[in-house]
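> predicted model and sequence follow; I will ask about them next.
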There are 2 protein chains.
Amino acid sequence: MATQNAVAAGVIGLGSMGLGMAQSMVKRGIRVAGYDINSSAVAKLAEAGGTSASNLAGAAKGADVLLVVVVNAAQTDMVLFGENGAAAAMKRGGVIISSATMAPDDARRLAAKAEALDLLYLDAPISGGAAKAAIGQLTVMASGSAQAFQKARPVLDAIATTVYELGDAAGIGASFKMVNQLLAGVHIAAACEAVTFAKKLGLDLPTVYKVITASAGNSWMFENRVPHILDGDYAPRSAVEIFTKDLGIVSDMGRHEKFPLQIAATALQMFLMTAAAGMERDDDASVARMIAEVTGLELPASSLADT
Amino acid sequence: MATQNAVAAGVIGLGSMGLGMAQSMVKRGIRVAGYDINSSAVAKLAEAGGTSASNLAGAAKGADVLLVVVVNAAQTDMVLFGENGAAAAMKRGGVIISSATMAPDDARRLAAKAEALDLLYLDAPISGGAAKAAIGQLTVMASGSAQAFQKARPVLDAIATTVYELGDAAGIGASFKMVNQLLAGVHIAAACEAVTFAKKLGLDLPTVYKVITASAGNSWMFENRVPHILDGDYAPRSAVEIFTKDLGIVSDMGRHEKFPLQIAATALQMFLMTAAAGMERDDDASVARMIAEVTGLELPASSLADT
């Protein structure tokens, strides 16, 4: 029902996450204008029933809600508040939903800039991946004023099945996301270390997967990523560079807060080694491939490559 | 039905795990004689319907199956093959179920000693904790000959709901257990690092628990141990010294195999710091208390201590 929602929304950033979120909004009857520097992504939004904008201001023009799904805080700052930025084109009193992963201090800084322009700001990092973005089933870890939540509600409902309301100020959502990324990154690195060690010990890896996923050593990431290793399939569902970035933010936060993060620091080095070995854009389970290359182990090869 | 099982079993080591396992065996109608250097534990087995033995040989005398549940490989070796050890008292052709956590090389060495005495040997580390031991619902990660499994079957069925048969030689069960312990130890340390970092960031810890356990950052250990931190309750369900021991074995194995284990090494140091700070016998979630003490954070206090 294309008339259900009177809200006008803009989306900046139509990568695999942003495009899926924009499509979910269109399906809920939200008018969506979108912009990305990649024009083929903009064309896909138009095919899905959205409006293609030719620049940042075009996507934001008259928007009640502007969703920003770019890579990091610097990009978010630039697309919103840089030259010909999107924020100035929005309806006064509108809300920015900022979903890039960033440090809490950056979220607070961006919120202050938005408020100086009479805009609301929701610190709203997301989790769930591209597949869930496309079907409107993300999780949002959000913080901001009650007015910001209220104004953003139709869009939040369209993109997510779970919206955590974590506090009344920007920075809290970002903090939750970074705590989650710390654990996620460590668990991926640990899974890769454990599986390669199991291989070194001569164990049958599918059996290791079966036993560990039923035991106290299990993690969400072990369960999700180890199949990539068993299949020898390192096509990026989530790339190594995501975790060099996110554990890099965690590392920056730790130094800023004067707080030791020993395990996260070790995991970051393992992702950096993997990136340095040329696997930056491959699946993050490539940490196992890096360890295997260093130690001379043979992990399962892709059955696809054999055919 | 006390007559169901003709098998005669002995149990060496009646700590919280061994006593529970012995009780589960009695409930299944297995004749059980038990020995521990702690005479009150032996008395508890007698109360439960078992036979109290006054020494190692007494527990093993005429046994078809001898379950050994002591602290480590050295103790297992001593109680089985030391002066007046249990192995010599067993029925020839009987099976030793060896459940202490140990390095695979130790399991292979002990199996060879057993075989030299015409005994079968099952390398059978366990997981599940004291509560599951008491109700016969452990998980056993076992390897050994088909004859060893066959002979051990009534006891395995009495103590466990899941018995993984992982291979036909000693050492494989131990290897699986060590891979699990590597992950479990890392995940506990990571959970403690993440929760204290969240506290440093000013987050509400019960909310952190709720959000993370529903997110990709979750692990079995995060879910299980973080409530101890939220409750300020460090009574040992599993003590810090278990992981200084088990990650110590992992570390030894890595050096022996010439295999780098960076994350496990970092986690071991965190458990050692916690032990060095005087919390060796407290719950392993005490890693969070150690970090909080170092960094001047205030974690939740025990509500029990307030009353």
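That came in fine, so what should we check first? None of the values given here were measured: they were computed from a predicted structure.
> got the domain ranges for chain A?
The record assigns chain A these domain ranges, following automatic domain parsing: A:8-169, A:175-306.
> could you dump the ones you listed into a markdown table with distance to chain B, mean neighbour count and mean pLDDT added?
Just so you know, the C-beta spots here come from the backbone N, C-alpha and C atoms, and that holds for glycine as well. Converted to a markdown table, the domains of chain A look like this (distance: least, CB to the nearest CB, whole Å; neighbours: other CB atoms under 10 Å in any protein chain shown; pLDDT from 0 to 100):
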| stretch | distance to chain B | mean neighbour count | mean pLDDT |
| --- | --- | --- | --- |
| domain A:8-169 | 6 | 21 | 97 |
| domain A:175-306 | 3 | 21 | 96 |
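> mind checking which of these is nearest B:R28?
domain A:175-306 (23.2 Å; CB to CB).
> going by residue numbers, what spans are helices in chain A?
A:16-27, A:39-47, A:56-60, A:73-81, A:104-116, A:129-134, A:146-159, A:172-200, A:205-213, A:220-230, A:240-257, A:262-274, A:286-295, A:303-306 (DSSP state H).
> residues touching the residue of chain A most remote from its centre, list them.
What lies farthest from the middle of chain A is A:G202; by CA atoms, centre = their mean that is 36.1 Å. The neighbours of A:G202, taking CB atoms under 8 Å, 6 or more residues apart in numbering or on different chains as the test, are B:172, B:175.
> before we move on, what about A:F222?
A:F222 neighbours (CB under 8 Å, 6+ apart): A:187, A:190-191, A:194, A:212-213, B:183, B:219.
> please repeat the previous calculation with a cut-off of 7 Å.
A:F222 makes contacts with A:187, A:191, A:212-213, B:183, as judged by CB atoms under 7 Å, 6 or more residues apart in numbering or on different chains.
> and the closest residue in space to A:K151 that isn't next to it in sequence, how far from A:A53?
The shortest distance from A:K151 to any non-neighbouring residue, by CB to CB, 6 or more residues apart in numbering or on different chains, is to A:V95 (4.1 Å). Distance from A:V95 to A:A53, counting by CB to CB, to the nearest Å: 18 Å.
> ok, A:A86 next?
Distance from A:A86 to A:A53, by CB to CB: 10 Å.
> between the two, which contacts overlap?
Counting by CB under 7 Å, 6+ apart, the residues touching both A:A86 and A:A53 are A:A59.
> surely the residue nearest to A:K151 touches A:A152?
Yes - with contact defined as CB atoms under 7 Å, A:V95 counts as touching A:A152 (4.9 Å).
> for A:A169, give me phi and psi.
Main-chain dihedrals, A:A169, degrees, to the nearest 10: phi -140, psi 150.
> how about it, nearest residue that isn't a chain neighbour?
A:S143 (6.1 Å).
> list the beta-bridge partners for the one you found.
A:D123 (DSSP bridges).
> ok, it - contacts?
Counting by CB under 7 Å, 6+ apart, A:S143 touches A:123, A:166-173.
> equivalent analysis for A:Y209, please.
A:226, A:230.
> quick one: it from B:F176, how far?
Distance from A:Y209 to B:F176, counting by CB to CB: 11 Å.
> and what of A:V294?
Distance of A:V294 to B:F176, given as CB to CB: 24 Å.
> repeat for A:G129
Per CB to CB, A:G129 is found 30 Å from B:F176.
> A:T51 now?
To B:F176, A:T51 is 56 Å away according to CB to CB.
> returning to that earlier point: looking at the domains of chain A, which is nearest to B:A160?
Of the domains of chain A, the one closest to B:A160 (CB to CB) turns out to be domain A:175-306, at 12.5 Å.
> correct me, but A:L119 touches A:K91?
No - at 8.8 Å, A:L119 does not count as touching A:K91 under the criterion of CB under 7 Å.
> which residues do these two both contact?
Common contact partners of A:L119 and A:K91 (CB under 7 Å, 6+ apart): none.
> hmm, B:A214 and A:W220 touching each other?
No - counting by CB under 7 Å, A:W220 sits too far from B:A214 to count as a contact (9.8 Å).
> residues touching A:N218, list them.
A:N218 touches A:212, B:219-220, counting by CB under 7 Å, 6+ apart.
> of these, just say which sits nearest to B:K61.
Using CB to CB, the contacts of A:N218 come closest to B:K61 at A:I212, 38.7 Å.
> I'd assumed A:V26 was in contact with A:A48.
Yes - between A:A48 and A:V26 there is a contact under CB under 7 Å: 5.5 Å.
> so which of the helices of chain A comes closest to B:E257?
Among those, helix A:172-200 comes nearest to B:E257, with 5.6 Å by CB to CB.
> ok so, going back, now do the contacts for the residue nearest to A:K151.
By CB under 7 Å, 6+ apart, A:V95 lies in contact with A:65, A:119-120, A:122, A:148, A:151-152.
> for the nearest residue to A:G58 once chain neighbours are set aside, give the beta-bridge partners.
Nearest residue to A:G58, sequence neighbours excluded (CB to CB, 6+ apart): A:Y35, at 6.3 Å. Under DSSP bridges, the beta-bridge partners of A:Y35 are A:I12.
> for the residue farthest from the centre of chain A, give me phi and psi.
Main-chain dihedrals, A:G202, degrees, to the nearest 10: phi 90, psi 20.
> how near is it to B:A169?
10 Å.
> before we move on, back to that, quick one: which of the contacts of A:N218 is nearest to A:A100?
For those, the nearest to A:A100 is B:S219 (25.7 Å; CB to CB).
> A:G217 is in contact with that closest one, correct?
No - judged on CB under 7 Å, B:S219 makes no contact with A:G217 at a distance of 8.5 Å.
> hmm, A:S286 is touching A:G232, no?
No - using CB under 7 Å, A:S286 is not in contact with A:G232; the gap is 11.1 Å.
> let me see the contact set for A:V32.
A:9, A:11, A:22, A:25-26, A:50-51.
> show me which pair in the residues you listed is furthest apart.
Between any two of the contacts of A:V32, the greatest separation by CB to CB is 11.6 Å, found for A:M25 and A:T51.
> OK, contacts around A:S16?
By CB under 7 Å, 6+ apart, the contact set of A:S16 is A:A130.
> could you measure it against B:G18, distance?
When distance is defined by CB to CB, A:S16 is 53 Å away from B:G18.
> can you pull the contacts of the residue nearest to A:E280 when sequence neighbours are not counted?
Spatial nearest neighbour of A:E280, excluding adjacent residues (CB to CB, 6+ apart): A:E241 at 4.8 Å. Listed by CB under 7 Å, 6+ apart, the contact set of A:E241 reads A:275, A:280-281.
> do the same with A:L247
Taking CB under 7 Å, 6+ apart, we find A:L247 in contact with A:185, A:264, A:267-268, A:271.
> and these as JSON lines, adding distance to B:R31?
Formatted as JSON lines, the contacts of A:L247 follow (distance: CB to CB, whole Å):
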{"residue": "A:G185", "distance to B:R31": "52"}
{"residue": "A:A264", "distance to B:R31": "53"}
{"residue": "A:A267", "distance to B:R31": "51"}
{"residue": "A:L268", "distance to B:R31": "56"}
{"residue": "A:F271", "distance to B:R31": "56"}
